[in-house]
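Participant: prediction below, plus the sequence it came from.
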Amino acid sequence: MPALFVSGSTSGSRAPALAALLLAFVALLAYSNALGNPFVFDDGVAIERNLRIRSLRPEIALSPPRDTPVAGRPVVNASFALNYAAGGLDPRGYRAVNLALHVACAWLVFRLLRDALCARGEASPYGVALAAAAVFAAHPLASECIDYVTQRSELLVSLFLLGVLSGVALAARGRTARARRGGATLALGACALGMATKESMAVAPAVALLYDAAFYAGSLRRAWQSRRALYAGLAGCWLILAALHASAPRRLSVGFDTGVTPSTYLAHQMQMLATYLARSVWPHPLVLDYGWPLPIAWRDVWPETALVALWIALALFAWWRRPAVGFALLAGLLVLAPSSSFVPIATEVGAERRFYLPLAGLCALSAVGVGALCARARSPRVARRAALAATAVLVALLAAATRARNRDYESAERIWRSVLAARPAQPRALLSLSQALREQGRAGEAESLAEDALRAWPSYALAEAQLAALAEARGDLEAAIAHQARSLALEPHDGELRTNYGLLLARSGRLAEAVAEWQAALSEDPGLAYAANNLAWLRATQPDPRWRDGSSAVALALRAESATAGLDAGVLDTLAAAFAEAGRFDLAEAAAARAQARAEADGDARLAREIAARRAGYAEGRAFRTELGAPGRGAGADGLSSGTTRG
């Protein structure tokens, strides 16, 4: 066994490489059975149906769609675009990248802790740092960030925050001016990328200043005085965050006008923070989706509030007496603050991924504590060997628990049943399980679960929309329209629901009402691609000339093309039909060629053949005609597009 694992007496050049290999082994041991699992939950919105990852052009890949998990997070979206370019929608490639990022984070935890312990002259710095990083790498509480691919955002922002701390350390202890400048450049670059990755990076300047004061400068004042320019630069990176969020890309889910009060949200966070702490010690049960922040009274969360108050008090006391310990506790609170304080996130009350980096801090504190006990033992060498053996057993047990958790992600049905086992009446879990069973063809069970979701939350618009889809699938169009109307009544400003309502009206032959709904959806949100696409298709292809209008169809189809960055085969098909109706058959052929190529690239052979047949007609100077509801193209089999993009 390498010496560093026992006594810490190995060469500085070998230790990082050996640690990286061991951490990679631990991570593979824990996650090798996760790579082939399907996408889950919001992976559909962020990856599978996200057209802006299907191009590496910067103006597309760095412009993620609004009100999605990647909104305002161009670095995350670009990383998915690189995955798509390399392997399409094969989830194995996406999870492999997530796993590599997790290993990188664990390795940086090792490096930072090792360097801090070395600087303080602590015993066995290598062994203690490696033990902390290995436990972190194997811990099931971190598994959501690997299993749930969309949460790459948490991995990336953690990597960049750790990169900032690494840069600060180099800027503080570099032996040459060049090394110190390199450290500052690393810190500033990582901070800038982090701000373009996730909003929680806003705390990076404060965390970096605390880190410097705790381990290098000796006080906050000396840290600021010694590296004033560096901290001013880190604070300047807030401008990146402000620019990305100036247009409120997540307005439907985050902020003070989402319908959730700061007091209600903060009360829930007391419960969630206590839950995270408990799961860090005993990681069961783990829950993918804790649901929404529903009304709650502060008197119901006083024990958890007392625990969080104790955490804050201990952190402040430790900062006064033992700044290194205080840093770990305060940094955890700071990292949690953007998502787990008083700024409401209406779409989720809590998420285990939020505790990803604080978990690393707790692992570090625990390892340092055990190391200190070993140093005070009657026989420190024997104590360290015993601690090494105990750590190996713990890592093996944690890896086994993580592998068991990975199996929950083997199917959508299994993961949502695991959520319901922990939170039986959670409406979104009921509806998500309904959707999973609907995709398996188990319509009766799916309908029952959707009704359960509606009973659990009577104003759940998406549950009504699910019942509408199930009614349409069994051929009951009038029932589908009734359910969709109720869905829209619950969320009258939801453009996607309105688009789908118009779609159902059109399929029932009520074209005037359908047109009115799509126009209303576009007036609410001019960038709603599929409402524009549906109107354009109707204006371009209806046999009844009273509905056709070539110039209007072209304008609407161009709007839809712009909104989808020219990457939706169905929208390009509509654009071709619109050009043909306007008599521009040369442009119709060109658009149809693009549509056909896009369909082939997406693996949609049926649509590619249909477009090829229409393209031949355009070459002969014939516009395309079809009745809505008759065989046409696309998932709806009539040329219309669903506006629903949420799970």
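Facilitator: In hand now; what should we look at?

Participant: count the residues that sit near Ala100.
Facilitator: When neighbours are defined as other CB atoms under 10 Å, Ala100 has 14 of them. C-beta: built from backbone N, CA, C; applies to glycine.

Participant: scratch that, Ala383
Facilitator: Ala383 has 17 nearby residues by other CB under 10 Å.

Participant: assign the residue lying farthest from the centre of the chain to helix, strand or coil.
Facilitator: Using CA atoms, centre = their mean, the residue of the chain lying farthest from its centre is Arg378. It sits 49.0 Å away. Under the three-state scheme (DSSP: H, G, I helix; E, B strand; the rest coil), Arg378 adopts coil.

Participant: okay, stretch 186-204 in PDB with CA atoms only?
Facilitator: What follows is stretch 186-204, C-alpha atoms only, in PDB (Å, rounded to 0.1, in the frame of the first residue of the first chain):
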ATOM      1  CA  LEU A 186      -7.100  30.600 -12.400                       C
ATOM      2  CA  ALA A 187      -9.400  32.000  -9.700                       C
ATOM      3  CA  LEU A 188     -10.800  34.700 -11.900                       C
ATOM      4  CA  GLY A 189     -11.300  32.400 -14.900                       C
ATOM      5  CA  ALA A 190     -13.000  29.800 -12.700                       C
ATOM      6  CA  CYS A 191     -15.200  32.400 -11.100                       C
ATOM      7  CA  ALA A 192     -16.300  33.800 -14.500                       C
ATOM      8  CA  LEU A 193     -17.200  30.400 -15.800                       C
ATOM      9  CA  GLY A 194     -19.000  29.600 -12.600                       C
ATOM     10  CA  MET A 195     -21.200  32.700 -12.900                       C
ATOM     11  CA  ALA A 196     -22.300  31.400 -16.300                       C
ATOM     12  CA  THR A 197     -23.000  28.000 -14.900                       C
ATOM     13  CA  LYS A 198     -25.300  28.400 -11.900                       C
ATOM     14  CA  GLU A 199     -26.700  31.300  -9.800                       C
ATOM     15  CA  SER A 200     -25.200  29.800  -6.500                       C
ATOM     16  CA  MET A 201     -21.800  30.900  -7.800                       C
ATOM     17  CA  ALA A 202     -22.700  34.400  -6.500                       C
ATOM     18  CA  VAL A 203     -21.200  33.400  -3.100                       C
ATOM     19  CA  ALA A 204     -17.800  32.600  -4.600                       C
END
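
Participant: so which bits of it are buried?
Facilitator: 186-188, 190-204 (16 or more other CB atoms under 10 Å).

Participant: likewise stretch 555-567?
Facilitator: 555-561, 563-567.

Participant: out of the residues you listed, which sit inside helices?
Facilitator: Judged by DSSP state H, the subset of the buried residues of stretch 555-567 located in helices is 555-561, 563.

Participant: closest to Ala104 among the residues you listed?
Facilitator: Comparing these against Ala104 with CB to CB places Ala563 closest, at 35.4 Å.

Participant: with adjacent residues omitted, what lies nearest to the closest one?
Facilitator: Of all residues not flanking Ala563 in the chain, Ala529 sits nearest, at 3.7 Å (CB to CB, 6 or more residues apart in numbering).

Participant: next: Ser32.
Facilitator: Per CB to CB, 6+ apart, closest to Ser32 is Arg403, 8.0 Å.

Participant: report the mean confidence score over the helix or strand harbouring the one you found.
Facilitator: Using DSSP states H and E, Arg403 falls within helix 380-408. Across helix 380-408, pLDDT averages out at 96.

Participant: now it: buried residues?
Facilitator: Buried residues in helix 380-408, counted by 16+ other CB under 10 Å: 380, 383-384, 387-388, 391, 394-395, 398-399, 401-403, 405-406, 408.

Participant: just the pLDDT for the closest residue in space to Leu398 that isn't next to it in sequence.
Facilitator: Spatial nearest neighbour of Leu398, excluding adjacent residues (CB to CB, 6+ apart): Ala138 at 4.0 Å. Per-residue pLDDT puts Ala138 at 98.

Participant: go on, the one 3 residues further on?
Facilitator: At Leu141, the model reports a pLDDT of 98.

Participant: I'd say it and Trp282 touch.
Facilitator: No: the pair Leu141 / Trp282 is not scored as a contact, 9.9 Å apart, by CB atoms under 8 Å.

Participant: would you map out the domains in the chain?
Facilitator: 3-408, 528-647 (automatic domain parsing).

Participant: quick one: closest of these to Leu511.
Facilitator: Using CB to CB, the domains of the chain put domain 528-647 closest to Leu511, at 6.5 Å.

Participant: could the domains of the chain go into TSV alongside distance to Asp452?
Facilitator: TSV is the format used below for the domains of the chain (distance: least, CB to CB, whole Å):
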stretch	distance to Asp452
domain 3-408	14
domain 528-647	17
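
Participant: of the ones you listed, which shows the lowest average pLDDT?
Facilitator: When the domains of the chain are ranked by mean pLDDT, domain 528-647 comes last with a mean of 86.

Participant: quick one: it to chain centroid distance?
Facilitator: Its chain's C-alpha centre lies 32 Å from the corresponding centre of domain 528-647 when counted by CA atoms, centre = their mean, to the nearest Å.

Participant: residue contacts, the nearest residue to Val157 once chain neighbours are set aside?
Facilitator: Of all residues not flanking Val157 in the chain, Lys198 sits nearest, at 3.9 Å (CB to CB, 6+ apart). Taking CB atoms under 8 Å, 6 or more residues apart in numbering as the contact definition, Lys198 lies against 73, 76, 153-154, 156-157.

Participant: cutoff 7 Å now
Facilitator: 73, 153, 157 (CB atoms under 7 Å, 6 or more residues apart in numbering).

Participant: kindly report the same for Ile60.
Facilitator: 52, 565.
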